[in-house]
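In: I would like to see how this sequence folds:
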Amino acid sequence: MVSHIRRADRERFRRKGSPWRRPNIKFMLRSIISSVALLTLAALLPLTGCDRNGAPIPAVRATKMTRANYDQIHDKASKEEVRAILGAPTSEKTEDKIIYKRTTWRYVEGDKYINITFKNDELDSKDTNLGT
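Out: Sure thing, here's the model as predicted:
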């Protein structure tokens, strides 16, 4: 009778899994690696950034804010021409006047700036502190 109970206990442990059974090393390693990968991703996610317009900031960006590019902007230049030379502005402000529409584009990198003002989509004035 005692051997019958022991056999039944062995069958129960075999089906459910014995609490004294060796742990599954492969499963544990897989769990640890996936946890570390998930934590690394969660830690690096806040480090990604966007500029003021919501576009991703590239890791290395060649500056277009140079005196040579500023000098290429001629009188009566269109918005498309200026955008092709300097790229997208850092900020943009548009005022609808009664007679005309005035748009101001501002490019800023650190303490350097370029201000471009359009009157009815043609260059009206430009200003910078880039020097000569």
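
In: What residues of stretch 104-124 count as buried?
Out: Thr104, Trp105, Tyr107, Ile114, Ile116, Phe118, Leu123, Asp124 (16 or more other C-beta atoms under 10 Å). C-beta here means a position set from N, CA and C on the backbone, and glycine is covered the same way.

In: Those in strands, which ones?
Out: Applying DSSP state E to those, the entries found in strands are Thr104, Trp105, Tyr107, Ile114, Ile116, Phe118, Leu123, Asp124.

In: Dump the residues you listed into CSV; add pLDDT and distance to Lys26 as well.
Out: Shown next, in CSV, are these (pLDDT from 0 to 100; distance: C-beta to C-beta, whole Å):
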residue, pLDDT, distance to Lys26
Thr104, 94, 63
Trp105, 94, 59
Tyr107, 92, 56
Ile114, 93, 60
Ile116, 95, 62
Phe118, 94, 65
Leu123, 93, 67
Asp124, 93, 70
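
In: what sits against Lys112?
Out: Met65, Thr128, Asn129, Leu130 (C-beta atoms under 8 Å, 6 or more residues apart in numbering).

In: ok, the second one to Arg106 distance?
Out: In this structure, Thr128 and Arg106 are 11 Å apart, going by C-beta to C-beta, to the nearest Å.

In: Common neighbours of these two, please.
Out: With C-beta under 8 Å, 6+ apart, Thr128 and Arg106 have common neighbours Tyr113, Ile114, Asn115.

In: From those, pick the one nearest Asp71.
Out: Nearest to Asp71 out of these is Ile114 (C-beta to C-beta; 11.2 Å).

In: how about low-confidence regions in this structure?
Out: Residue ranges of the chain with pLDDT under 70: 1-23, 44-62, 132.

In: Tell me which stretches of it form helices.
Out: For the chain, the helices defined by DSSP state H occupy 2-16, 25-44, 67-72, 79-86.

In: Does anything pack onto the third one? Which helices or strands?
Out: By that I understand helix 67-72. helix 79-86, strand 122-128 (3 or more C-beta pairs under 8 Å, 6 or more residues apart in numbering; DSSP states H and E).

In: Relative to Phe27, which of the ones you listed is closest?
Out: That would be helix 79-86 among the helices and strands packed on helix 67-72, by C-beta to C-beta, at 55.7 Å.
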